[in-house]
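Student: give me coordinates for this.
(chains A and B)
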Amino acid sequence: MKALLVGVIAATLSVPAIAQKKYDAGANDREIKIGNTNPYSGPASAYGQIGKAIAAYFKMVNDQGGINGRKIDFVSYDDSYSPPKTVEMARKLVEQDQVLFLFQTLGTPSNTAIHKYMNTMKVPQLNVATGATKWNDPQNFKWTMGWQPNYQTEGRIYAKHIMATKPNAKVAILYQNDDYGKDYLKGMEDGFGAQASKYIVAKASYEVTDPTVDSQIVQLQASGADTFFNITTPKFAAQAIRKAYDIGWKPVQYLNNVSISVGSVLTPAGLDKSVGLITAAYLKEPTDARWANDKGLEPFRAFMKKYMPDANIADNFNIYGYTVGSTLAAAIKQCGDDLTRENVMRQSANLKNLRLETLLPGITITTTPSDYAPIEAVQLQRFNGKQWELFGDVMTSQ
Amino acid sequence: MSKRTLVIGIVLLAVVCTLPFIVSNYRTFQLTLVLVYAIALLGLNILTGYNGQISLGHGAFYALGAYCTAILMDHWGVPYWATIPVAGAVCLVVGFLFGLPALRLEGLYLALATFALGVAMPQLLKYHLLEKWTGGVQGIVIMKPSPPFGLPLNPDQWLYFFTLAIGAVMFILGYNLIRGRIGRALVAIRDQHIAAEAMGIHNALYKSLAFGVSAMFTGVAGALGAVAVQFVAPDSFNIFLSIVFLVGIVVGGLASIPGALYGALFIQFVPNIADEISKAAPWAIFGVFMIGFVYLMPTGVAGAVRLITSRRRA
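Tutor: A predicted model of the protein is given here:
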């Protein structure tokens, strides 16, 4: 009897979800409603380009027949990068517009503001647009997932590279004194592990409110370090690179991915002063000569031409939006006809070596129910005075 | 009070009390924010509308109130309702003290000084020595209060009524303040400060008081806002908030108590409408609305309402 019961239960559980159509609010036979907030106005409105790129991406998906026959209704609201507004808009999306889930809500503070709410409501908060590490916490926040390599992962990768190439390195670190800077710092320290105190000889921090980081650079140079990890946002990154060069400090420099823009960081710092910088990347750079005839980028170029004719292809946010949109499309496809919130989360946490052609060769997306970090690999690149040059293999923090 | 205003008052009361049972939880949350903004705008209106001192930094007092509540709740487990008077008191004192030196500044110069306060606030909140309390850029997440005494309300409805009750108290306070001798003194200083002084009004004291009281109202609003949103972070209180408050009182109606409510409705809902119209340039649409309002109702919505009712009577 007991065996029979177990058998019945097992049989019930193993009925494939594909067999019957299952829907939560926001999904039906014809469409899937997805919510999003982005700063289209306000101080961080440059990021709004990501929201526009994603909207254009789903327009393309719909024109091509949708996903499993369902059109995507992408509802995106402006939150001006203001957390209270994000709360309001997230509630509107969930309670009034009845979206199936939220996707790519942008900003660390904005996502923090709705973190608890989304998890209480059991509505997925998928692939948030921030690099903080806290989005990978499936034990406590099952309904929230990040996307891009997080800051700690990146920090660990630099540590790994230093240990492999320069075992006697003396590392000096400059970091912004907030959660972003500390995340990177922790990543590097974790990467060095027990040897952290041997490698790291000096640390200096700055406040976003500081006018310059000149004195910190002088202080770091005085430590006698021969390797420099630069955890700074664009303005300070440019200052640090320039100051180090001007005072004749010539360490091996690692620059965080946040500030790799040639236009807004390296040009003001001086391209000649930036030669030799090392950083990590995971997306193809559409303007890079190497990808000029790349087959993988062709669909992206066609997309830009047809759906975003006015946008600048050199703007990194476009390829970012396109790639994260592709990630979601793959997860939804995997959901089949079971479009419940539970299953959307389950499938998003069950991507196996998903290869997207806008990612650098060799980088794939993998998630599991206990690992909510989709992109964990990056490739290092070095600045040659004109552009970034990839080198070495794809690296992960493992 | 005439019979007519009594009837209007009762109808209005009935409407605000039944609204949360008719509309969705999300709308109830929005209405709670309207009440919060109305209290903040009333505070700013006491200063700018009645006393003629321009403040471009009231977002800072709003932030101060919000952080008082968040820190008290987060660090000491103080119940949310008990933090509201503390936030008000802190803002009263800080506002009064800021008012003392700022007094020497007239008109535009005061506007600049308060602007500095508004700009500095988010950065001060990130300052590393305060980080232990403020949580730095991360901000503070606070718990959503549930209705007490087993009331048959959901948390959103309860928060709405809680805010409504405090809002009512604040509006009655504001009304009495403005209607009495203090209010007359404030208006006299605004209109002709030399004559006011000649009449025996202590200009310096009253102006500082106006600043303090105004900050208190805004601080209470900030505290209620923090409870409603359940999160505070420096990015929530940038200089834009202060400017939006100023827009609110001008659109709603300067030197008008109901004007605060109209202004609150404007700053809560018009940006959303603008966003629906255009993603590319929401603030341009907002600007069009603003110009439209100011052009069609030069004395604010409150002024237009006054005009319509007086015409009808005549």
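
Student: from here on, just use CA atoms for contacts and neighbour counts.
Tutor: Noted.

Student: tally of neighbours for residue 233?
Tutor: By default, I'm working from chain A. Residue A:233: 20 surrounding residues under other Cα atoms under 10 Å in any protein chain shown.

Student: think we crossed wires, I meant chain B
Tutor: For residue B:233, using other Cα under 10 Å, the count is 30.

Student: now residue A:59
Tutor: 18.

Student: roughly how far apart are it and chain B?
Tutor: To chain B, residue A:59 is 16 Å away according to Cα to the nearest Cα, to the nearest Å.

Student: make sure that residue is indeed in a strand.
Tutor: No - Residue A:59 is assigned helix when assessed by DSSP: H, G, I helix; E, B strand; the rest coil, not a strand.

Student: show me which residues of chain B are close to chain A?
Tutor: By the rule Cα under 8 Å from any Cα of the partner chain, the part of chain B lying against chain A is B:24-26, B:29-30, B:123, B:127-128, B:136-139, B:141, B:229-233, B:235-237, B:275-276, B:279-283.

Student: could you redo the last one with a cut-off of 7 Å?
Tutor: B:26, B:123, B:136-138, B:229, B:231, B:233, B:235-236, B:275, B:279, B:282-283 (Cα under 7 Å from any Cα of the partner chain).

Student: apart from its chain neighbours, what residue comes closest to the closest residue to chain A within the stretch 201-314 of chain B?
Tutor: When scored by Cα to the nearest Cα, the stretch 201-314 of chain B has residue B:236 as its residue closest to chain A, at 5.0 Å. Sequence neighbours aside, residue A:82 is the residue nearest to residue B:236 in space, at 5.0 Å (criterion: Cα to Cα, 6 or more residues apart in numbering or on different chains).

Student: now residue A:332. Nearest residue, chain neighbours left out?
Tutor: Residue A:332 sits nearest to residue A:344 (Cα to Cα, 6+ apart), 6.8 Å away.

Student: what packs against the helix or strand hosting that neighbour?
Tutor: In the assignment (DSSP states H and E), residue A:344 maps to helix A:341-348. Applying 3 or more Cα pairs under 7 Å, 6 or more residues apart in numbering or on different chains; DSSP states H and E, we find helix A:341-348 packed against helix A:316-335.

Student: distance from the following helix or strand past the helix it packs on to the middle of the chain?
Tutor: Once helix A:316-335 ends, the next helix or strand along the chain (criterion: DSSP H and E) is strand A:338-339. Computed by Cα atoms, centre = their mean, to the nearest Å, the chain-centroid distance of strand A:338-339 equals 26 Å.

Student: span of stretch A:196-207 from start to end?
Tutor: 24 Å (Cα to Cα, to the nearest Å).

Student: swap in stretch B:49-66?
Tutor: By Cα to Cα, the extent of stretch B:49-66 from end to end equals 24 Å.

Student: what residues of it count as buried?
Tutor: Across stretch B:49-66, burial judged by 16 or more other Cα atoms under 10 Å in any protein chain shown covers B:49-66.

Student: same check, this time on stretch A:39-50
Tutor: Here stretch A:39-50 shows A:39, A:40, A:41, A:42, A:45, A:47, A:48, A:49, A:50 as buried, counting by 16+ other Cα under 10 Å.

Student: may I ask which of those comes out lowest in pLDDT?
Tutor: By pLDDT, residue A:42 ranks lowest within the buried residues of stretch A:39-50, coming in at 72.

Student: correct me, but it touches residue A:82?
Tutor: No - counting by Cα atoms under 7 Å, residue A:82 is not a contact partner of residue A:42; they are 8.6 Å apart.

Student: what about the closest residue to chain B within the stretch 101-250 of chain A, how many residues close to it?
Tutor: Residue nearest to chain B within the stretch 101-250 of chain A (Cα to the nearest Cα): residue A:113, separated by 5.6 Å. A total of 28 residues lie near residue A:113 under the criterion other Cα under 10 Å.

Student: same thing with the one 5 residues further on?
Tutor: Using other Cα under 10 Å, the number of residues around residue A:118 comes to 23.

Student: my read is it is in a strand, agree?
Tutor: No - counting by three-state DSSP, one finds residue A:118 to be helix, located in no strand.

Student: ok, now how distant is it from residue B:145?
Tutor: Taking Cα to Cα, one finds residue A:118 at 17 Å from residue B:145.

Student: mind listing which of the residues of chain B next to chain A are in strands?
Tutor: Applying DSSP state E to those, the entries found in strands are residue B:231.

Student: need the pLDDT of the residue of the stretch 201-314 of chain B closest to chain A.
Tutor: The model's pLDDT for residue B:236 equals 84.

Student: contacts only, for it.
Tutor: Residues counted as contacts of residue B:236 (Cα atoms under 7 Å, 6 or more residues apart in numbering or on different chains) are A:82, A:83, A:84.

Student: for the last one, which non-adjacent residue is spatially closest?
Tutor: Nearest residue to residue A:84 in three dimensions, chain neighbours excluded: residue B:229, at 5.9 Å (Cα to Cα, 6+ apart).

Student: doesn't residue A:83 make contact with the one you found?
Tutor: No - applying Cα under 7 Å as the test, residue B:229 and residue A:83 come out as separate, 8.6 Å apart.

Student: higher neighbour count, those two?
Tutor: Between residue B:229 and residue A:83, counted using other Cα under 10 Å, residue A:83 has the larger neighbour count: 26 against 23.

Student: so the more buried one versus chain B, what's the distance?
Tutor: 6 Å.

Student: that residue and residue A:318: what is the separation?
Tutor: Shown here: residue A:83 relative to residue A:318, a distance of 24 Å by Cα to Cα.

Student: tell me the helices in the chain, going along the chain?
Tutor: Because you didn't say which chain, this covers chain A. A:2-14, A:48-63, A:83-91, A:108-121, A:151-165, A:179-192, A:196-199, A:214-222, A:234-246, A:267-269, A:298-307, A:316-335, A:341-348 (DSSP state H).

Student: looking at chain B here, not the other one
Tutor: B:3-22, B:25-44, B:58-76, B:80-102, B:107-126, B:131-134, B:155-179, B:181-191, B:193-198, B:203-229, B:239-252, B:257-277, B:282-296, B:300-313.

Student: elements contacting the second one?
Tutor: In other words, helix B:25-44. Contacts defined by 3+ Cα pairs under 7 Å, 6+ apart place helix B:25-44 against helix B:155-179, helix B:203-229, helix B:239-252, helix B:257-277.

Student: brilliant, that's me finished.
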